[in-house]
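Trainee: Please find the sequence and the predicted model below.
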Amino acid sequence: MRVLKADEMKNVLPMKEAIQADKDALSLYSADKVNIPLRVNLNVPEQEGQSLYMPGYAAEARALGVKIVSVYPKNIEKGLTSVPATMVLVDTETGQVSSIMDGTYLTQLRTGAVAGAATDLLAREDSSIFTLVGTGGQAETQLEAVLAVRPIKQVYVSDLNMERATEFAEKMTALYGEKYDTTIEAASSLEEAIRQSDIVTSVTTSPVKTFDGKWVKSGAHINGVGSFTPKMAEIDSIILQNAGKIYCDTKDALVESGDFTQPIEKGLFDIENVTGELGDLLNGETAGRESEEEITFFKTTGNAVLDIVTAQRIYEAAIEKEIGATLEF
């Protein structure tokens, strides 16, 4: 059994390979070649907590396992993360546990990578200006994923707290500025940043829109990442109305996001206008961008298939590079 920490995982699977892993995962999902049961959610009332189990099996990717995610708000009082996560991989040939790895970093990686996959498939090839809205735990991988697939020269970072946005921009400049030959700075005006941007990613848990959809220019691509409950609605419904193509990772999960449920309830959008799953596009079942002026939109709510396939790729790379500790019973 190979035990992999976050830093070790970062060293074995580059972002471009994670993006490919997510593409492969969604292609299999949309082709109905995976078994992804509904997640199990156990309440732990004594701790005001929840423990969630997200299993999945993708035979063609040799990926089998379960991600365990707990939500324990009181952990903050103990100096611990409030959302601890662990990924357990199982060998498809023997049924034995093959690896245990950091589930928090895995979630960040596969979530960034799936938006990167959508950007690669839908954004204009000449996209050079990118605005990232939100600087939380998911923001770094969202940034790198877009940088990995398009020749971005200018990145604007926005947050409700300008100091936090500036600190994030400085940190990201040190990590990715030279690597991707790009300038990363806090946006002094979000409106001006959005109006210039070829690509916009919003990754917040905001209950209201994070920017005005009227600011989005023709030909832009938008990623909606943060909303995963009906009460969260960071994307302006105008974007859904103006988009020529609307894609998601899995259609079944759209009812979990207020980005869709709220405009549907208000009669501002019809779910039938969703073009399809990203896997449908990968499998040649639906059309991608058809003009330079078309606005495209991608919504991700996450799915265990992304976890198991990405985790399997990390495990295989770790074996090849002899990284990680081994544990035997």
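Mentor: All right, it came through fine. Not measured: the values here are computed from a predicted model.
Trainee: Isn't E293 up against A220?
Mentor: No: if you go by Cβ atoms under 8 Å, E293 and A220 don't touch, sitting 9.8 Å apart. Yep, even glycine has a C-beta here, placed from its N, CA and C like the rest.
Trainee: between the two, which one's more packed in?
Mentor: Taking neighbours as other Cβ atoms under 10 Å, E293 and A220 compare with A220 leading, 27 against 12.
Trainee: That one touches T201, doesn't it?
Mentor: No: with contact defined as Cβ under 8 Å, A220 does not count as touching T201 (11.2 Å).
Trainee: can you pull out the helices in the stretch 1-150 of the chain?
Mentor: Applying DSSP state H, counting those that start in this stretch to the stretch 1-150 of the chain gives helices spanning 6-12, 15-30, 103-122, 139-149.
Trainee: Let me see the mean pLDDT of the third one.
Mentor: What that stands for is helix 103-122. The average pLDDT within helix 103-122 is 96.
Trainee: Let's see that helix as CSV, backbone CA atoms only.
Mentor: Extracted C-alpha coordinates of helix 103-122, given in CSV (Å, rounded to 0.1, in the frame of the first residue of the first chain):
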residue,chain,number,x,y,z
GLY,A,103,-8.0,13.7,-0.6
THR,A,104,-8.0,17.5,-0.1
TYR,A,105,-5.2,18.1,-2.6
LEU,A,106,-6.8,15.5,-4.9
THR,A,107,-10.0,17.4,-4.9
GLN,A,108,-8.2,20.7,-5.6
LEU,A,109,-6.3,19.1,-8.5
ARG,A,110,-9.1,17.4,-10.2
THR,A,111,-11.4,20.4,-9.8
GLY,A,112,-8.9,22.7,-11.3
ALA,A,113,-8.2,20.2,-14.0
VAL,A,114,-11.8,19.8,-15.1
ALA,A,115,-12.2,23.5,-15.6
GLY,A,116,-8.9,23.4,-17.5
ALA,A,117,-10.3,20.6,-19.7
ALA,A,118,-13.4,22.7,-20.4
THR,A,119,-11.3,25.7,-21.2
ASP,A,120,-9.1,23.7,-23.5
LEU,A,121,-12.1,22.4,-25.4
LEU,A,122,-14.2,25.6,-25.5
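Trainee: Helix 15-30 and that one, what's the angle between them?
Mentor: 80 degrees (axes from the mean of the first three to the mean of the last three Cα atoms, to 10 degrees).
Trainee: Just checking the distance from helix 103-122 to the centre of its chain.
Mentor: 4 Å (Cα atoms, centre = their mean, to the nearest Å).
Trainee: Now it: buried residues?
Mentor: Buried residues in helix 103-122, defined by neighbour count with 16 or more other Cβ atoms under 10 Å: 103-122.
Trainee: got it, and stretch 161-172?
Mentor: 165, 168-169, 172.
Trainee: Now tabulate these in JSON lines and tack on secondary structure.
Mentor: What follows is the buried residues of stretch 161-172, written out as JSON lines (DSSP: H, G, I helix; E, B strand; the rest coil):
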{"residue": "A165", "secondary structure": "helix"}
{"residue": "F168", "secondary structure": "helix"}
{"residue": "A169", "secondary structure": "helix"}
{"residue": "M172", "secondary structure": "helix"}
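Trainee: Dump the residues you listed to CSV, plus distance to T183.
Mentor: As requested, the buried residues of stretch 161-172 are exported to CSV (distance: Cβ to Cβ, whole Å):
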residue, distance to T183
A165, 15
F168, 14
A169, 9
M172, 11
